[in-house]
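A.B. asks: Structure, please.
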Amino acid sequence: MTEWLVRRFVRDAESTQNPRVRGEYGTLAGTVGIILNIVLCAAKAAIGLVAGSVSIVADAVNNLSDASSNVVSLLGFKLASRPADPEHPYGHGRFEYLSGLVVAVVVLAIGLELVKSSVEKIISPTPVEFSGALVAVLVLSIAVKLWMAAFNRTLGERISSEALQATAVDSRNDCISTGAVLASSVVAHLSGLNLDGWVGAAVGVFIIWSGIGLVRDTVNPLLGQAPSPELVEHIRSTIMSYPGVLGTHDLMVHDYGPGRQFASAHVEMAAEADPLESHDLIDNIEQDFKDRDRMIVTLHYDPIVTDDPEVNDMRHWIDQAVKVIDPRLTIHDLRCVPGPTHTNVIFDCVRPHDLPMPASQLARRIDEIVRGHYPRCIAKVTIDESYVSSAQ
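C.D. replies: A predicted model of the protein is given here:
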């Protein structure tokens, strides 16, 4: 069914980095979610009101909140697919994150209201009528939500959408909450033990917990979270795959919404090589990123002296020596400036953001290490902060 819907409603479905294609995937997921959630809400509300069950009504309201979430997500995908304009030169992709934040707030508000009504039912319980129709509606709801979870997970993985992945998790959670409501109804019918209010409260708390998780997941990219280790490794390995590239560092990635990522990095190449050829290679790397990954990558050329054996040996020794402080430390852009009494060894060191040692203390410690091995040398270290993490 999922593949049939994709073929029917998404053009060029394989071009998942294309904002238009992402928008059509989002429209498909949102439309299917709205239709199914409204149907489930109506069926549960009718059964819940007839049976006098606050937990079933709570589950119906949960489906209504899911439908409203689908509406907001649908609008978010529509707005996110708009092209860049003079006022928004990086596009409108973050609308997808903003829509997720609105959904999370709505989910939290509904969860709080459900807890309130369920507590009232606990204080003043009323009997719940049990029927075959009630069981049928709840079982059907579980089956539909299982399919929706798989449907949204498939689409979310295909277009790398946190919004759709969250929707898939929410649908899975709905299966759990509806299963709890069904269990409480069966228990009440068989034993006379009325757990309706308690189960309704549990469903409400579950919704609140999901809302908190959604808030966290949507706020992080808006604040500027670090790129995934997989993306960092992909960029680094791609740059290093070109002949003539000796190293890369100072990678930074800026996220303006799914499929709208910009990156910059420094590329080390032999200083003895023809600068025009080095520049041409860098242009080719940037263009390849744009063609293959739809990512704008800006690269800075760092010339490295490679025909001085002493400098090469020093660069290698210092690069290994600093790892005594922390295995993640790396150096780059090393050069020597000799003088009559000492030699300045100038280089940068990349400091992981979570290293407890302050930058000034780290620079002093590295200078001590260098002086211990090269008595006539003074290390002039610039500490770079790392904004990315490597894949494990």
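
A.B. asks: Lowest-scoring secondary structure element of the protein by mean pLDDT?
C.D. replies: helix 54-80 (a mean of 75; mean pLDDT, DSSP states H and E).

A.B. asks: tell me the mean pLDDT for whatever helix or strand comes next after that helix?
C.D. replies: Later in the chain than helix 54-80, the nearest helix or strand by DSSP states H and E is helix 95-123. Mean pLDDT, helix 95-123: 77.

A.B. asks: Kindly confirm my reading that Phe354 forms part of a helix.
C.D. replies: One correction, residue 354 is Asp, not Phe. No. Remark: Asp354 does not belong to a helix; assigned using DSSP: H, G, I helix; E, B strand; the rest coil, it is coil.

A.B. asks: how about it, what does it touch?
C.D. replies: Taking CB atoms under 8 Å, 6 or more residues apart in numbering, we find Asp354 in contact with no residue. C-betas here are computed from N, CA, C, even on glycine.

A.B. asks: roughly how far apart are it and Asp348?
C.D. replies: As judged by CB to CB, to the nearest Å, Asp354 and Asp348 stand 19 Å apart.

A.B. asks: Surely Val71 is in contact with Thr31?
C.D. replies: No. Proximity of Val71 to Thr31 does not meet the contact threshold set by CB atoms under 8 Å, at 9.9 Å.

A.B. asks: More neighbours: which of those two?
C.D. replies: The residue with more neighbours, out of Val71 and Thr31, is Val71; 19 against 15, by other CB atoms under 10 Å.

A.B. asks: Now that one: closest residue in space, sequence neighbours ignored.
C.D. replies: Residue nearest to Val71 in three dimensions, not counting chain neighbours: Ile34, with 6.2 Å by CB to CB, 6 or more residues apart in numbering.

A.B. asks: Could you check the angle the helix or strand containing the one you found makes with helix 95-123?
C.D. replies: In the assignment (DSSP H and E), Ile34 maps to helix 19-51. Orientation check (axes from the mean of the first three to the mean of the last three CA atoms, to 10 degrees): helix 19-51 against helix 95-123 gives 10 degrees.

A.B. asks: got the buried residues for helix 19-51?
C.D. replies: 19, 21-30, 32-34, 36-38, 40-41, 43-45, 47-48, 51 (16 or more other CB atoms under 10 Å).

A.B. asks: And for stretch 104-123?
C.D. replies: 104, 106-108, 110-111, 114-115, 117-118, 121.

A.B. asks: where exactly do the strands run in this structure?
C.D. replies: Applying DSSP state E to the chain gives strands spanning 245-255, 261-270, 296-304, 330-338, 343-351, 377-385.

A.B. asks: now those in a markdown table, with mean neighbour count?
C.D. replies: Formatted as a markdown table, those follow (neighbours: other CB atoms under 10 Å):
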| stretch | mean neighbour count |
| --- | --- |
| strand 245-255 | 18 |
| strand 261-270 | 19 |
| strand 296-304 | 16 |
| strand 330-338 | 17 |
| strand 343-351 | 19 |
| strand 377-385 | 17 |
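
A.B. asks: For His279, find the nearest of those.
C.D. replies: Shortest distance between His279 and those, using CB to CB, is found for strand 296-304: 6.7 Å.

A.B. asks: where's that closest one relative to the chain centroid, distance-wise?
C.D. replies: Offset of strand 296-304 from its chain centre (CA atoms, centre = their mean, to the nearest Å): 27 Å.

A.B. asks: contact partners of it?
C.D. replies: With CB under 8 Å, 6+ apart, strand 296-304 has contacts from 235, 239, 246-247, 250, 261-271, 275, 278-279, 282, 285-286, 289-290, 332-333.

A.B. asks: about what we covered before: now the residue nearest to Val71: how far from Phe289?
C.D. replies: 37 Å.

A.B. asks: ditto for Phe95
C.D. replies: From Phe95 to Phe289 the distance is 24 Å (CB to CB).

A.B. asks: show me what contacts the residue lying closest to Asp348 once chain neighbours are set aside?
C.D. replies: With sequence-adjacent residues excluded and distances taken as CB to CB, 6+ apart, Asp348 is closest to Thr382, at 4.6 Å. Applying CB under 8 Å, 6+ apart to Thr382 gives the contacts 346-349.

A.B. asks: between these, which is nearest Val10?
C.D. replies: Nearest member of the contacts of Thr382 to Val10, counting by CB to CB, is Asp348, at 46.0 Å.

A.B. asks: Is that closest one bridged to anything, and to what?
C.D. replies: His332, Thr382 (DSSP bridges).

A.B. asks: residues contacting Glu113?
C.D. replies: 61, 204.

A.B. asks: Wait, Asp170 touches Ser65, no?
C.D. replies: No. Counting by CB under 8 Å, Ser65 is not a contact partner of Asp170; they are 9.4 Å apart.

A.B. asks: still on that earlier bit, quick one: which of the contacts of Thr382 is nearest Val337?
C.D. replies: Ile346 (6.5 Å).

A.B. asks: now that closest one, nearest residue through space, not along the chain?
C.D. replies: Ile346 sits nearest to Lys380 (CB to CB, 6+ apart), 4.5 Å away.

A.B. asks: Give me the pLDDT value at that neighbour.
C.D. replies: Lys380 is given a pLDDT of 90.

A.B. asks: Likewise for Arg376?
C.D. replies: 90.

A.B. asks: My guess is it contacts Asn344. True?
C.D. replies: No. With contact defined as CB under 8 Å, Arg376 does not reach Asn344; the gap is 10.5 Å.
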